[in-house]
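A predicted structure for the sequence below; I have some questions about it.
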Amino acid sequence: MKKKYIILLGLCLIFLIGGLYFVKRDSKFDLEDSKSKAVYIYNLTDNKKVYGKNENKPLPMASLTKIMTLLVSLDHVSDLGDLAPVDYDSYMRAVSENASMAGFLANETTTYRDLMYGTILASGAEAADSLAINVAGSIDSFVDLMNEKAGELNLENTSYANADGMDDKRNFQSAKDCAMLIKYGLEDGNFRAIFTKRDYLSQATNEHPDGVYIESTIFSHLKDYGENGFEIIGGKSGTTDEAGLCWATLAEKDGKEYIIVVMGVSFSDIDDLPDAHIRETLEYLERI
């Protein structure tokens, strides 16, 4: 009798595990040819998770780092119109590292607002690092503030080593942490305005009397794709050799807002990047 009970229990476990596997494989969000290492989709309107894949895995985050750069800067700047010039050393380092740039020049008489838009829209390294210098006096001091903020927000799978997102083994984040950071940031009107801006013209400066025109890397890429039944209204992109291609976006569908974070789409040629991170984001939105 005991032997039969054990056999019956074993069969039940087999069916249960098999059923769970079947459900997982049948999920409408499990893309057949997914290239991303991690995904997290969050219904911001209803305050609930929609889908996750490796959502708690710490991964290199590239320029998604700059989301925290913006948040910490907003915490410490009372007037976005105050002058905050482009730091010379930061500019030269960005040039030497072939980092993405917003278009400002060394010692340019920018404002905090200019640098914030340059950091998020164009993912400008000279803008992000200049924000750090103007806010905290040094990159290291600013990074301390970034990690303190991550602790305050209970981002357990996040660590910052810089303000610009260049590859560093101490610079990582999970897809869920990124989404929760964006959720928190969107409560701030300035953050939301910057995160959802399509383009921006800086104030007149000593180097650019007509200002610097800056376009969002999210919206510039979306011009080549259709959005069926939804609209992406903001976001931040990131690309490095270690992190691959990353996209963190805010979208509207059926009167609700969603945060979609896609991380870790690998590539082999920086001059011929794949678009799996974009296509996956759009397909997830279609399936919501």
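Looks like it came in fine. Numbers count the residues shown, from 1 in each chain.

Next, count neighbours for residue 151.
Counted with other C-beta atoms under 10 Å, the neighbours of residue 151 add up to 11. Every residue, glycine included, has its C-beta placed from N, CA and C.

Confirm it sits in a strand?
No - under DSSP: H, G, I helix; E, B strand; the rest coil, residue 151 falls outside any strand and is assigned helix.

and it, how far is that from residue 191?
For residue 151, the distance to residue 191 (C-beta to C-beta, to the nearest Å) stands at 19 Å.

what's the burial count for residue 248?
28.

tell me the contacts of it?
Contact analysis of residue 248 by C-beta atoms under 8 Å, 6 or more residues apart in numbering lists 64, 67, 178-179, 182, 235-238, 259-262.

Tell me if I am right that it is in a strand.
Yes - assessed by three-state DSSP, residue 248 belongs to a strand.

Report the mean confidence score over stretch 215-234.
The average pLDDT for stretch 215-234 rounds to 96.

which secondary structure element contains residue 259?
Per DSSP states H and E, residue 259 falls inside strand 256-265.

Buried residues, stretch 257-265. List them.
257, 258, 259, 260, 261, 262, 263, 264, 265 (16 or more other C-beta atoms under 10 Å).

Only alpha carbons, please: show stretch 142-151 as CSV.
C-alpha atoms of stretch 142-151 as CSV (Å, rounded to 0.1, in the frame of the first residue of the first chain):
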residue,chain,number,x,y,z
PHE,A,142,28.3,61.6,-7.6
VAL,A,143,28.5,57.8,-8.0
ASP,A,144,28.3,57.6,-4.2
LEU,A,145,25.0,59.5,-4.4
MET,A,146,23.8,57.1,-7.1
ASN,A,147,24.5,54.1,-5.0
GLU,A,148,22.9,55.7,-1.9
LYS,A,149,19.8,56.4,-4.0
ALA,A,150,19.7,52.8,-5.2
GLY,A,151,19.8,51.7,-1.6
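
Check which residues of that stretch are buried.
Within stretch 142-151, the residues that count as buried by 16+ other C-beta under 10 Å are 142, 143, 145, 146, 147, 149, 150.

What count of nearby residues applies to the residue lying closest to the fourth one once chain neighbours are set aside?
The shortest distance from residue 146 to any non-neighbouring residue, by C-beta to C-beta, 6 or more residues apart in numbering, is to residue 160 (4.1 Å). For residue 160, the count of nearby residues is 26 (other C-beta under 10 Å).

Distance from the chain centre to stretch 265-279, please.
16 Å (C-alpha atoms, centre = their mean, to the nearest Å).

just the CA coordinates of that stretch, formatted as CSV?
Once non-C-alpha atoms are left out, stretch 265-279 reads as follows in CSV (Å, rounded to 0.1, in the frame of the first residue of the first chain):
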residue,chain,number,x,y,z
VAL,A,265,20.7,41.8,-27.0
SER,A,266,24.1,40.9,-28.3
PHE,A,267,25.8,42.3,-31.5
SER,A,268,29.0,41.7,-33.3
ASP,A,269,29.4,44.9,-35.4
ILE,A,270,28.8,48.4,-33.8
ASP,A,271,28.4,49.7,-37.3
ASP,A,272,25.7,47.2,-38.2
LEU,A,273,23.5,46.8,-35.1
PRO,A,274,20.6,44.4,-35.0
ASP,A,275,17.1,45.6,-34.0
ALA,A,276,15.9,42.7,-31.9
HIS,A,277,15.6,44.9,-28.8
ILE,A,278,13.2,47.2,-30.7
ARG,A,279,11.2,44.4,-32.4
